[in-house]
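> Show me how the following folds:
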Amino acid sequence: MTKFKDKVVMVTGASGNLGSAVTRAFEATGAKLALIDRHPELLEKAFPSLVRQPERCLAEDADLTNGAAVTAVVERIVGKYGRIDVLVHTVGGFFSGPPLHETPLEKLDFMLTLNVRTAFLTNQEKIKKMVPQGSGKIINIAARPSLQGNKNMSAYSAAKAAVLRLTESAAAEVKTHGINVNAILPGTIDTPQNREAMPKANTDNWVQPESLADVILFLASDAARDIHGAAIPVYGRS
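Got it, this is the predicted structure:
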């Protein structure tokens, strides 16, 4: 598969469970990759061959909660490759704890910063580059609780709902510029962390990171050219 050959794909949180699966999927298609992570040493560990191909891979450390840092890393990517064709924003976080009336305000702030602020800043900077080139694909990661809140997830649900609304608004604004902005809604992802947190769960029903990556590849492809502002559920059997 070479349909992304020479396309420039930026993956945030590239060393994470989903980010790694997305990176491997795009690597197999021949894409040029810009891998963003707060822990670049993990990128070298996860993709030792890829990060040693400077013509195909740019690995960068950037604090995506900082607007100046986001602008700087986007400029470095464009300076190297000349453009950005795809953004897959996997950075985010989960918090499930006490009910709303017992949830510390700092937990809400943390969820909004990690999930919403990073999505806002990265989408904003990519769109600034994609509008002049007249094309681009952006895929954000929302979640099932962005559609309906669950108990003990008020901060997380609110944050992921904001990511979904941001996606829809951006899609409406830029679809006439040849840019597609969409989101996926993962179910429970089969990760080591989730297995540890839920040791008695039936993991057969969980969704694999590689399955999510396949859907992301579709949304980044020309086959999804008429999909704007969608929230694609990828729940597995959960």
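
> C-alpha only now, for contacts and for neighbours.
Noted.

> that's a helix at Leu217, yeah?
Yes - the assignment for Leu217 is a helix, going by DSSP: H, G, I helix; E, B strand; the rest coil.

> C-terminal to the lengthiest helix in the chain, what's the next element?
Counting residues, the longest helix found in the chain (DSSP state H) is helix 154-174. Read in the C-terminal direction, the helix or strand following helix 154-174 is strand 179-186, with elements assigned using DSSP states H and E.

> what about the chain, any weak spots by pLDDT?
Along the chain, the model assigns pLDDT under 70 to residues 1-2.

> Tell me where this structure has strands.
8-12, 32-36, 57-60, 86-89, 136-141, 179-186, 231-234 (DSSP state E).

> Just send the ones you listed back as a markdown table, with mean neighbour count and distance to Val74 too.
Shown next, in a markdown table, are those (neighbours: other Cα atoms under 10 Å; distance: least, Cα to Cα, whole Å):
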| stretch | mean neighbour count | distance to Val74 |
| --- | --- | --- |
| strand 8-12 | 27 | 9 |
| strand 32-36 | 26 | 9 |
| strand 57-60 | 21 | 10 |
| strand 86-89 | 26 | 11 |
| strand 136-141 | 26 | 14 |
| strand 179-186 | 26 | 17 |
| strand 231-234 | 20 | 25 |
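
> sorry, back to before: check which residues of the longest helix of the chain are buried.
154-164, 166-168, 170-171, 174 (16 or more other Cα atoms under 10 Å).

> Over to stretch 62-79?
Applying 16+ other Cα under 10 Å to stretch 62-79 flags Ala62, Leu64, Thr65, Gly67, Val70, Thr71, Val73, Val74, Glu75, Ile77 as buried.

> Is there a neighbour count for His101? I'd like the number.
Residues lying near His101 (other Cα atoms under 10 Å) number 9.

> Please list all residues in contact with it.
Listed by Cα atoms under 8 Å, 6 or more residues apart in numbering, the contact set of His101 is empty.

> Perfect, I'm done here.
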